[in-house]
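Asks: here's my sequence, what's the structure:
(one chain, ligands or ions: 1)
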Amino acid sequence: MQRTLTTSLASKIRQRATVQGWVHRRRRLGSISFLVIRDRSGLAQVVLGEHDDHRQLEQLSEETVVSVEGTVTANPKAPGGLELTCPRITPLSEPAATPPAELWRPSLNTTLPVFLDHAPVLWRHRTQQATWRLAAASVRGFRQALDTLGFTEICTPKLVGTSTESGANVFTVDYFGRRAYLAQSPQFYKQIMVGVFERVYETGPVFRAEPHDTVRHLAEYVSLDAELGFITDHRDVLAVLRKALAGMVSEIQAGAHDDAELIGASLPEVPEEIPTIHFRDALALVGADPSEPDLAPDHERHLGQWARRQYGSDFLAVEGYPASKRPFYTHPEPGDPRWTNSFDLLFRGLELVTGGQRLHRYTDYQRALAERGEPTGPYQSYLDTFRHGMPPHGGFALGLERWTARLIDADNIRRTTLFPRDLHRLAP
Ligand code: AMO
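Replies: Numbering: from 1, shown residues only. Sure thing, here's the model as predicted:
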């Protein structure tokens, strides 16, 4: 018999139907037993009455996978108003071992270390499923928004020969006896591909050898990247980012509304124009030393609160970051090369996106690297692209786990990561 999803049983009322899934919960009440089955769509109740064999339940521990054929029967007291009666239950797995937490309870009250240790089973909990569906809907919305804007999706190498972002946080790999790196970002390739398609995006893993333990850093995270040609400056990039964010929110509303509600996610309103402040003014606003090259997490929190008060916005773009703190490919601010045409987007007081305009002339790259005392050799195949005609361009990258963490107000980015990689974890 064909499988019916638990949420489609209404179409089979008074008929025999087969559901397949996990034993979510068993309960015995006198001469009646209840079995709740969970599949990808929801839950269904199975009733064993006086004439059924209740001993079989002993073998059907929670999380055992079963196939249940039964008669779809209306019962206003059952979840969804339906239940399966006169069931024939066939186990499809061995009796499952006791799960590390009771998955049928409405919330999963485990500490973070316990959750991470037992993630393969605990991700089955409904609230965890909902958390990941927010991430999945966000990626879908990102793709849809950029597809609509004429972007082409690309997939670039994760094994690379040079680091892309400044800094030492790069993993080294033995590549057939040569030194290679895990890509810190698709930065060089997405720029190169602007020369092919004008507008490109990529969603995929990137790797950062983060040597410190923080609630906002992972050693591997999902980066939502975009890059586009024929821009005037970084403000054009910001306008595309606004559309991508709006697409992410509307796809959550359309495709993961119930999940968002179940876990109390708070979806932001994406303003028509994202408010912007210059880095210099941001430092002054938070009372930081004007020579500071970056914003500290506390500064970001403070600025997030200010944007909320000043503009009623969960988003604030800080533009003009000092050149000294930005990678060599960053375009300087016209008229004042101490600053750059780049930005960070803060979402509820946390850096969510980095983006900006890039250099697009070969000679500018040569000069930028020389000024930093860096050789051009390691970057030659990337740099050569600029000898063959590249338009003014720019782009951005958004950290997926940070986004979902802020949506559900998680205290740690690891709560929204399927299997976090950090200083201490390589398994599960
Ligand atoms: P950046 O290095 O700032 O920029 O990264 C972009 C965004 O990625 C997220 N992020 C992280 N998330 C989790 N763990 C980490 N260790 C981590 N590091 C960064 C943040 C951040 O804003 N090539 C540029 C982007 C560009 O200019 O297009 C880049 O990678 O949300």
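
Asks: and this protein, which residues reach the ligand?
Replies: Residues of the chain lying near the ligand by Cβ under 6 Å from any ligand atom: 165, 185, 187, 208, 210, 217-218, 221, 223, 351-356, 395-397, 399, 401-402. C-beta here means a position set from N, CA and C on the backbone, and glycine is covered the same way.

Asks: take those residues and keep only those in helices.
Replies: Gln187, Glu401, Arg402 (DSSP state H).

Asks: same list (those) but as CSV, adding pLDDT, neighbour count and distance to Thr85.
Replies: Formatted as CSV, these follow (pLDDT from 0 to 100; neighbours: other Cβ atoms under 10 Å; distance: Cβ to Cβ, whole Å):
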residue, pLDDT, neighbour count, distance to Thr85
Gln187, 97, 23, 60
Glu401, 98, 24, 44
Arg402, 98, 22, 48
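
Asks: which residues in the stretch 101-250 of the chain form helices?
Replies: Using DSSP state H, counting those that start in this stretch, the helices assigned to the stretch 101-250 of the chain run over residues 112-117, 119-122, 126-148, 187-197, 234-255.

Asks: what helices or strands is the fourth one leaning on?
Replies: If contacts are counted by 3 or more Cβ pairs under 8 Å, 6 or more residues apart in numbering; DSSP states H and E, helix 187-197 sits against strand 199-207, strand 220-229, helix 380-385, strand 393-399.

Asks: also the shortest one?
Replies: Using 3+ Cβ pairs under 8 Å, 6+ apart, no helix or strand is in contact with helix 119-122.

Asks: next: the last one.
Replies: Under the contact criterion of 3+ Cβ pairs under 8 Å, 6+ apart, helix 234-255 touches helix 126-148, strand 220-229, strand 315-319, strand 342-347, strand 350-357, strand 393-399.

Asks: let's have these in a markdown table, adding mean pLDDT and mean neighbour count.
Replies: Formatted as a markdown table, those follow (pLDDT from 0 to 100; neighbours: other Cβ atoms under 10 Å):
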| stretch | mean pLDDT | mean neighbour count |
| --- | --- | --- |
| helix 126-148 | 98 | 19 |
| strand 220-229 | 98 | 23 |
| strand 315-319 | 98 | 25 |
| strand 342-347 | 98 | 26 |
| strand 350-357 | 98 | 22 |
| strand 393-399 | 99 | 25 |
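
Asks: please convert those to CSV, extending it with distance to Leu238.
Replies: Putting the helices and strands packed on helix 234-255 into CSV (distance: least, Cβ to Cβ, whole Å) gives the following:
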stretch, distance to Leu238
helix 126-148, 14
strand 220-229, 11
strand 315-319, 6
strand 342-347, 6
strand 350-357, 7
strand 393-399, 8
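
Asks: with respect to Cys155, which of those lies nearest?
Replies: strand 220-229 (11.1 Å; Cβ to Cβ).

Asks: now the angle between strand 199-207 and that closest one, please.
Replies: Orientation of strand 220-229 against strand 199-207 (axes from the mean of the first three to the mean of the last three Cα atoms, to 10 degrees) gives an angle of 160 degrees.
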